[in-house]
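Novice: would you be able to build a 3D model of this:
(one chain, ligands or ions: 1)
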Amino acid sequence: MASDDILSSDELTLVDYPETALQLISPLFSVDKTVYGGRGCFAKSIIPSGTIIHRCSSPISSSIARPFKKEVCHYCFKYDNGKTWKIKRSQQFGKQMCSIVFCTEECRDKFSQEDGEGIYLKNLMLVEKNYLQGLKKHEVEPKEPKDLDTEILQEWEKVGSWEEKLKTMKPSKRESILPRIDESEYLEINYVIGALFSMYKYGNSGITSPEYFQDIKREEQNQFELQYFNTLQSTELEKVRKYPYLLYSYINIYKFLKLTVSEQLQPYINTDEIRCIIGRNLSNAFGIWSEVSDPKEDKEFLGFGVYPSASFFNHSCAPNLVKTRIGNQLVFTTLRDISAGEELCINYGNFFG
Ligand SMILES: C[S@@+](CC[C@H](N)C(=O)[O-])C[C@H]1O[C@@H](n2cnc3c(N)ncnc32)[C@H](O)[C@@H]1O
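Specialist: Sure thing, here's the model as predicted:
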C-alpha cells in the first residue's frame with residue numbers, strides 16, 4: 001500500500017526523515033510519544049482480536065550463546081534438544097578450523113546469499129579464531145571503577161591514544177595485545193559484527209519508496225531496519241552506572257573488535273558507534289529461547305536478536321499483543337479487540353523480553 005500522504009516526492013530519501021520512516025512500519029499503528037516518556041505504538045483505528053499487526057522477517061543482527069554454537073541453526077535459530085547440526089560454513093586458520101552451523105542446506109544457502117561477498121562469514125570466523133586465541137592467555141581479574149563518571153571519560157579517551165599507537169604497530173605485536181574475551185563478551189561481539197555488516201551492506205542506500213514496511217521486498221525491508229536501528233535508544237551509560245565493571249568489559253570488546261574485524265568493516269568502528277550499538281541491544285534485544293511443549297519446563301537462552309521495526313512496542317503486564325517467533329521471524333498478533341488510539345504493548349517477560 002502506498003502512503004503518498006506521508007512522503008510524496010520521489011526525491012526525498014527516508015534516511016533524511018527517520019521520523020517519517022517510523023510511520024511506515026505499519027498502516028495499523030503509528031509510533032508516537034508516550035505520556036511516560038519515550039515512544040510507543042498506537043492503534044490508528046479499531047483492530048480486531050487475532051490480527052497480525054507486524055511481521056519482521058529477520059533480525060538486523062543476532063548472536064548465539066557460545067554453549068549452543070553447534071546446536072542452533074545460524075540462520076533460522078532451530079534448536080532440537082541439543083542435537084548438533086552438521087551443515088556448516090567454515091574457515092581454516094592454520095590448524096584451527098572455525099565454523100557456524102545450519103539445520104539444513106536451505107538455511108546455509110539463504111545465509112550465503114544474504115552475505116553476498118562473504119564479509120559477514122569472514123568476520124564471524126575471525127572473531128571465533130581470535131576468541132580461541134585469547135583463551136590461551138591468562139584470565140584477567142575484572143576491574144571495578146572507583147570514581148565511575150571520571151573513569152568513563154578517561155578510559156574511553158585512553159582508547160583513543162591506544163588506537164593511535166595501533167596505527168604504527170607491527171602485526172605480530174597487534175596479535176600479542178589481543179584481549180582475552182569471555183563468553184558474554186563473545187555473545188556481544190558477534191551481535192556487533194552483524195550490526196556492522198548491516199551498516200556496510202545497507203548504509204549507503206537511500207530509501208525513496210514511500211511504502212509500508214509490510215509491502216516492500218525483503219532487501220528493502222533490511223534498509224528500513226537499519227534506519228530504525230539508528231533511531232533506537234541506547235542505554236549503555238545507564239547500564240555501566242548500574243554495573244560499573246561493564247566499563248572495562250566494553251573497552252575489552254572495543255579493542256577486540258578493532259584488532260579483529262576485516263578492512264571492510266573497519267570504517268564503521270569508532271568508540272561512539274560501538275558504544276551505541278552495544279547500548280541499543282541492552283534495551284531492545286529479543287531473547288531467542290528454546291521452545292518447550294510444557295510451559296512448566298525451563299527454556300534455554302540460546303541467544304538474542306535485534307529487530308528494530310519491532311522495538312517500539314513497550315511493556316505491559318496486561319499486554320494486548322503476543323509475540324511469536326517462527327524461525328528467525330517475529331510475528332505480533334492482537335490478543336483482544338483494540339480501540340483506536342490504544343497503545344499496543346507486549347509483555348517483555350524474561351530479561352531480554
Ligand atoms: C524496546 S524499547 C521500547 C521503545 C522505547 N519506548 C522507545 O522510545 O524507543 C524498551 C524501552 O522502552 C521503555 N519502556 C518500555 N515499556 C515501558 C513501560 N511500560 N513504562 C516505561 N517505559 C517503558 C524502557 O525505557 C525500555 O528500556
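Novice: give me the three-state assignment for the closest residue to Trp85 other than its chain neighbours.
Specialist: With Cβ to Cβ, 6 or more residues apart in numbering as the criterion, Trp85 has its nearest non-adjacent residue at 4.0 Å, and that residue is Val101. From N, CA and C alone the C-beta is placed, and that goes for glycine too. Counting by DSSP: H, G, I helix; E, B strand; the rest coil, the backbone at Val101 sits in strand.
Novice: any idea how far Val101 is from the ligand?
Specialist: With the distance defined as Cβ to the nearest ligand atom, to the nearest Å, Val101 ends up 29 Å from the ligand.
Novice: one more: Ala318?
Specialist: Ala318 is 11 Å from the ligand, by Cβ to the nearest ligand atom.
Novice: give me the beta-bridge partners of the residue nearest to Trp85?
Specialist: Beta-bridge pairing of Val101, defined through DSSP bridges, involves Lys88.
Novice: distance-wise, check it relative to Ile119.
Specialist: In this view, Val101 and Ile119 are 19 Å apart by Cβ to Cβ, to the nearest Å.
Novice: residue contacts, the residue nearest to Met169 when sequence neighbours are not counted?
Specialist: Counting by Cβ to Cβ, 6+ apart, the nearest residue to Met169 once its immediate chain neighbours are dropped is Ile177, at 7.8 Å. For Ile177, the contacting residues are 169, 255, 259, taking Cβ atoms under 8 Å, 6 or more residues apart in numbering as the criterion.
Novice: repeat that with 10 Å
Specialist: Contacts here follow Cβ atoms under 10 Å, 6 or more residues apart in numbering; on that basis Ile177 touches 162, 165-166, 169, 255, 259.
Novice: any of those buried? List them.
Specialist: Of all these considered here, the ones buried according to neighbour count by 16 or more other Cβ atoms under 10 Å are 255, 259.
Novice: for the contacts of Ile177, which one is nearest Tyr36?
Specialist: Of all those, Tyr36 sits closest to Lys255, with 37.8 Å by Cβ to Cβ.
Novice: quick one: that closest one is in a helix?
Specialist: Yes. With three-state DSSP as the criterion, Lys255 is assigned to a helix.
Novice: quick check, it in contact with Ile181.
Specialist: Yes. With the criterion set as Cβ atoms under 10 Å, Lys255 and Ile181 qualify as a contacting pair; they are 9.4 Å apart.
Novice: quick revisit: and the residue nearest to Met169, how far is that from Asn130?
Specialist: Separation of Ile177 from Asn130 (Cβ to Cβ) stands at 12 Å.
Novice: overlap in contacts of these two?
Specialist: With contacts taken as Cβ under 10 Å, 6+ apart, the residues that reach both Ile177 and Asn130 are Leu259.
Novice: picking that back up, now the contacts of Ile177 in JSON lines, with distance to the ligand?
Specialist: What follows is these, written out as JSON lines (distance: Cβ to the nearest ligand atom, whole Å):
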{"residue": "Trp162", "distance to the ligand": "31"}
{"residue": "Lys165", "distance to the ligand": "37"}
{"residue": "Leu166", "distance to the ligand": "34"}
{"residue": "Met169", "distance to the ligand": "39"}
{"residue": "Lys255", "distance to the ligand": "27"}
{"residue": "Leu259", "distance to the ligand": "31"}
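Novice: the stretch 1-150 of the chain against the ligand: which residues are in contact?
Specialist: Taking Cβ under 6 Å from any ligand atom as the criterion, the neighbours of the ligand within the stretch 1-150 of the chain are 36, 38-40.
Novice: quick one: which of those is nearest Asn347?
Specialist: Looking at these and their distance to Asn347, the nearest is Gly40, at 14.4 Å (Cβ to Cβ).
Novice: for the one helix or strand the closest one maps to, which outside residues touch it?
Specialist: In this assignment (DSSP states H and E), Gly40 forms part of strand 39-43. Contacts with strand 39-43, where a contact means Cβ under 10 Å, 6+ apart, come from 19, 22, 25-26, 28-34, 51, 53-54, 231, 233, 310-316, 320-321, 332, 334, 338-346.
Novice: Ser283 against Gln233, yeah?
Specialist: Yes. Using Cβ under 10 Å as the test, Ser283 is close enough to Gln233 to be in contact (5.6 Å).
Novice: which residues do those two both contact?
Specialist: Counting by Cβ under 10 Å, 6+ apart, the common neighbours of Ser283 and Gln233 are 38, 311.
Novice: out of these two, which sits in the busier spot?
Specialist: Ser283 (18 against 15; other Cβ atoms under 10 Å).
Novice: for the more buried one, which non-adjacent residue is spatially closest?
Specialist: The spatial neighbour of Ser283 that comes closest, neighbours along the chain excluded (Cβ to Cβ, 6+ apart), is Thr235 at 4.5 Å.
Novice: check which residues of the worst-scoring helix or strand of the chain on mean pLDDT are buried.
Specialist: Of all the helices and strands that make up the chain, helix 18-22 has the lowest average by mean pLDDT, DSSP states H and E, namely a mean of 79. Going by neighbour count (16+ other Cβ under 10 Å), the buried part of helix 18-22 is 21-22.
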